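> For reference, the sequence and a predicted model appear below.
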Amino acid sequence: MEQQNLLGGPPPTELPDNPEARQALEAGVDPFEVAARFPAHPAAWADLADRAFGSGDVIESYAYARTGYHRGLDQLRRAGWKGHGPIPWQHEPNRGFLRSLHALARAAAAIGEEEEAERCRTFLRDSSSAAAEVLAT
């Protein structure tokens, strides 16, 4: 469950959905194809980062995760995000960004960039405690 800021902090930011990209990934289309067709879709980059990490390609995972993270940041800013505040895991379109952020922390830790890894882990927890919990498993 997401914590609510009782002091009236910024409202949750919800990214817009990209149904065509989301449905392609759900249908099993290779994330390479989805990223090429929809390069702004963070979930495709998160899938690529996860696949690369699972294959032991940590540097590739880092690059894919960083791309998804930055694409997601661009969308968050366009959606009104001011650099802080909740990014709810429960809102499906947010998950690609949150997964990319988690993948970036994981890959950064794997290459010895512990300071960046910790910044990413903190950002994830601060943005969505639910995402941090789900992705930790």
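Arrived safely.
> what ranges do the helices span in this protein?
Under the criterion DSSP state H, helices of the chain are mapped to 19-26, 31-37, 42-54, 58-78, 95-110, 114-127, 129-135.
> Residue 84: which of those helices is closest?
helix 114-127 (7.3 Å; CB to CB). Just so you know, the C-beta spots here come from the backbone N, C-alpha and C atoms, and that holds for glycine as well.
> ok and that closest one relative to helix 95-110, angle-wise?
Counting by axes from the mean of the first three to the mean of the last three CA atoms, to 10 degrees, helix 114-127 lies at 150 degrees to helix 95-110.
> pLDDT (mean, whole number) over helix 114-127?
Here helix 114-127 scores 98 as its mean pLDDT.
> packing partners for that helix?
Applying 3 or more CB pairs under 8 Å, 6 or more residues apart in numbering; DSSP states H and E, one finds that helix 114-127 contacts helix 95-110, helix 129-135.
> Tell me which of those sits most buried.
Burial of the helices and strands packed on helix 114-127 is given as mean neighbour count (mean count of other CB atoms under 10 Å); helix 95-110 ranks first at a mean of 25.
> what would the helices of the chain look like in CSV with distance to residue 88?
Output for the helices of the chain, formatted as CSV (distance: least, CB to CB, whole Å):
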stretch, distance to residue 88
helix 19-26, 17
helix 31-37, 23
helix 42-54, 15
helix 58-78, 12
helix 95-110, 9
helix 114-127, 9
helix 129-135, 7
